[in-house]
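Participant: below are the sequence and a predicted model for it; my questions follow.
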Amino acid sequence: MTNTNGNHLYQLNRRVISCRKCPRLVEWRERVAREKVARFSDCTYWGKPLPGFGDPDAGVLIVGLAPAAHGGNRTGRMFTGDRSGDWLFSTLHKFGFASQPTSVSLDDGLRLKDCYITAVVQCAPPQNKPLKEEIENCQPYLLEELRVLMNVTVIVALGKLAFDRTIISLEAIGKCHFDRKQKFAHGAEYDIANGLTLISSYHPSQQNTFTGKLTKPMFESIFRKARHLIGRIGPAD
Ligand code: SF4
């Protein structure tokens, strides 16, 4: 299973990295990579789409919004090198999903276990706000990941947009029976299909973490639930 899933994801990720379907995002991600910001002026930016990454046999799939301009778009890996990632990886490490609590570069040795990370949009958007057509353009990649990651029984959606798009994507591949009367709420669990649970979380963006809308205990409760639901115990390698 691991090799089959791993090969499929490898091929998918190669296609993602070379994607140029969204002209506005291509122009933006490449301009940010050229112009940089002062604090990262000596870095060589990635400046391309960011494929998902993690354990091909993951039980937990994390769906974020999009890469950050000077985080993932700089380092070449989702949530790597930005404040949201600091929160995410320290929490994943605490619950045995990540081999280390920090993620600063592609070659920092981080390994995920039982966990795979992707996003609704795989290129950094201006103001972290992708357009509807850009979300639609990128959806086939998320659909493919949802099909390939056969062992996923828990999906953690970070933020309302990821939550909505995850449901739309699962419905598109016939894996979801979602009652539309249910609303997004931090920490809510939705039994959306046989053996598949969706957990909604506020996104660990600075907008939420700096204002106290999302606290560390609130965020940790999400991954405590995920760990409990997949029922696999043990630290990441
Ligand atoms: S956002 Fe997705 S569809 Fe658009 S260019 Fe990037 S990878 Fe391609």
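Facilitator: Nice, I can see it.
Participant: list the contacts of M78.
Facilitator: M78 makes contact with L50, G52, F53, G64, P67, G72, G85, I117, T118, A119 under the criterion Cβ atoms under 8 Å, 6 or more residues apart in numbering. Bear in mind the C-beta positions are built from the backbone N, C-alpha and C, glycine included.
Participant: residue contacts, the first one?
Facilitator: When the contact criterion is Cβ under 8 Å, 6+ apart, the partners of L50 are V16, P67, G72, N73, G76, R77, M78, A119, Q122, C123.
Participant: how about the nearest residue to L106, chain neighbours excluded?
Facilitator: G76 (4.8 Å; Cβ to Cβ, 6 or more residues apart in numbering).
Participant: for this protein, what spans make up the helices?
Facilitator: Per DSSP state H, the chain carries helices over the ranges 2-17, 23-35, 72-75, 83-94, 132-148, 160-172, 206-209, 216-230.
Participant: does F79 touch F89 like I think?
Facilitator: Yes. F79 is in contact with F89 according to Cβ atoms under 8 Å; the separation is 6.9 Å.
Participant: pLDDT below threshold where in the chain?
Facilitator: In the predicted model, the chain carries pLDDT under 70 at residues 1-2, 232-237.
Participant: mind doing that once more with 50?
Facilitator: Scanning the chain for pLDDT under 50 picks out 233-237.
Participant: which ones are touching F163?
Facilitator: A157, F184, L198, S200.
Participant: and it, how far is that from the ligand?
Facilitator: Taking Cβ to the nearest ligand atom, to the nearest Å as the measure, F163 falls 19 Å from the ligand.
Participant: need the residues of the chain near the ligand, please.
Facilitator: Contact residues (Cβ under 6 Å from any ligand atom) of the chain with the ligand: 16, 19-22, 25-26, 49, 121-123, 134, 137-138.
Participant: ok, now with 8 Å
Facilitator: The chain comes close to the ligand at residues 16, 19-22, 25-26, 29, 49, 66, 121-123, 125, 130, 134, 137-138, 140-141, as judged by Cβ under 8 Å from any ligand atom.
Participant: buried ones among these?
Facilitator: 16, 19, 22, 25-26, 29, 49, 66, 121-123, 125, 130, 134, 137-138, 140-141 (16 or more other Cβ atoms under 10 Å).
Participant: report the two of the contacts of F163 separated the most.
Facilitator: F184 and L198 (10.1 Å; Cβ to Cβ).
Participant: didn't I135 look like it was pressed against Q122?
Facilitator: No. Using Cβ under 8 Å, I135 makes no contact with Q122, being 10.7 Å away.
Participant: now do the same contact list for F178.
Facilitator: F178 touches I167, L170, E171, Y190, I192, counting by Cβ under 8 Å, 6+ apart.
Participant: circling back to that earlier point, closest one to V148 out of the contacts of M78, please.
Facilitator: G52 (9.9 Å).
Participant: now that closest one. Nearest residue, chain neighbours left out?
Facilitator: In space, G52 is closest to T118, 3.3 Å off (Cβ to Cβ, 6+ apart).
Participant: bridge partners for the one you found, pull those for me.
Facilitator: V63 (DSSP bridges).
Participant: isn't it up against V63?
Facilitator: Yes. Between T118 and V63 there is a contact at 5.9 Å, judged by Cβ under 8 Å.
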